[in-house]
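Participant: I would like the atomic coordinates for the input below:
(one chain, ligands or ions: 1)
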Amino acid sequence: MEYYLPIKHMHMLFAYLSALLFVARVLMDQVGYQAWRKSVLSYIPHINDSLLLTFAFLLVALGPWNPFAHAWLGIKLLLLIGYIVAGLIALRISGQVPVKRIAALLALAQLVGIFYLATAKPDIF
Ligand code: HEM
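Facilitator: Numbering: from 1, shown residues only. Predicted structure coming up:
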């Protein structure tokens with residue numbers, strides 16, 4: 001499939017941008033710089049993440065991947081759900097600072113797990 005590799009590279013590009021945009025927003029939130037919520041950063045990450053997921057589903061549709069047969073992918077999807085939930089809590093406008101910090105750390109840990117599973121594709125079972 002001649003388009004597979006460019007699709008994978010687009011998925012990777014949006015994945016690295018997604019991580020960068022998340023870390024940038026968490027850092028700005030933690031130092032009290034809330035102006036980002038009224039800037040392009042309030043919507044660019046959503047567009048980026050929609051494209052990330054679009055290319056992800058194309059990879060699954062075109063490639064040999066099945067989350068039930070390839071455990072790394074199944075676990076990656078579970079971590080993705082955890083990352084989204086923790087990320088939403090971490091970036092809430094209101095909320096207690098310690099809770100948001102713990103949520104941010106949990107989101108980052110799951111993001112590291114997602115990148116590890118994606119690149120190493122370990123044979124789990
Ligand atoms: C935050 C979300 C995600 C991140 C950060 C991410 C990151 C990555 C990265 C960096 C790679 C390239 C690994 C390599 O070096 O070979 C990759 C590959 C892949 N991703 Fe994702 N991904 C995410 C979400 C998803 C989702 C939701 C799916 C499926 C629905 C998915 C399916 C795949 C597949 C099948 C590959 C393997 C492509 C191949 O090696 O041929 N990803 N992902």
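Participant: so which bits of this protein are right by the ligand?
Facilitator: The chain comes close to the ligand at residues 8, 11-12, 15, 18, 52-53, 56-57, 59-60, 63, 65, 73, 77, 80, 114-115, 118-119, as judged by C-beta under 6 Å from any ligand atom. The way it works is simple: take the backbone N, C-alpha and C, and place the C-beta from them, glycine included.
Participant: which among those residues count as buried?
Facilitator: 8, 11, 15, 18, 52, 56, 73, 80, 114, 115 (16 or more other C-beta atoms under 10 Å).
Participant: report the contact partners of the first one.
Facilitator: This points to residue 8. The contact partners of residue 8, taken as C-beta atoms under 8 Å, 6 or more residues apart in numbering, are 55, 59.
Participant: which SSE is it in?
Facilitator: Applying DSSP states H and E as the criterion places residue 8 in helix 4-30.
Participant: what separates the helix or strand just after that helix from the chain centre, distance-wise?
Facilitator: Of the helices and strands lying after helix 4-30 in sequence (DSSP H and E), the nearest is helix 44-62. In this view, helix 44-62 has its centroid 10 Å away from the chain centroid, taken as C-alpha atoms, centre = their mean, to the nearest Å.
Participant: give me the contacts around helix 44-62.
Facilitator: 1, 3-4, 7-8, 10-11, 14-15, 17-18, 21-22, 25, 65-67, 73.
Participant: and it with helix 4-30, angle?
Facilitator: 150 degrees (axes from the mean of the first three to the mean of the last three C-alpha atoms, to 10 degrees).
Participant: any idea which helix or strand comes after helix 44-62?
Facilitator: helix 71-90.
Participant: so for that next one, what gets flagged as buried?
Facilitator: 72, 73, 75, 76, 79, 80, 82, 83, 86, 87, 90.
Participant: now, which of these sits nearest residue 99?
Facilitator: residue 90 (8.8 Å; C-beta to C-beta).
Participant: give me the distance between the closest one and residue 22.
Facilitator: 8 Å (C-beta to C-beta, to the nearest Å).
Participant: this completes my enquiry, with thanks.
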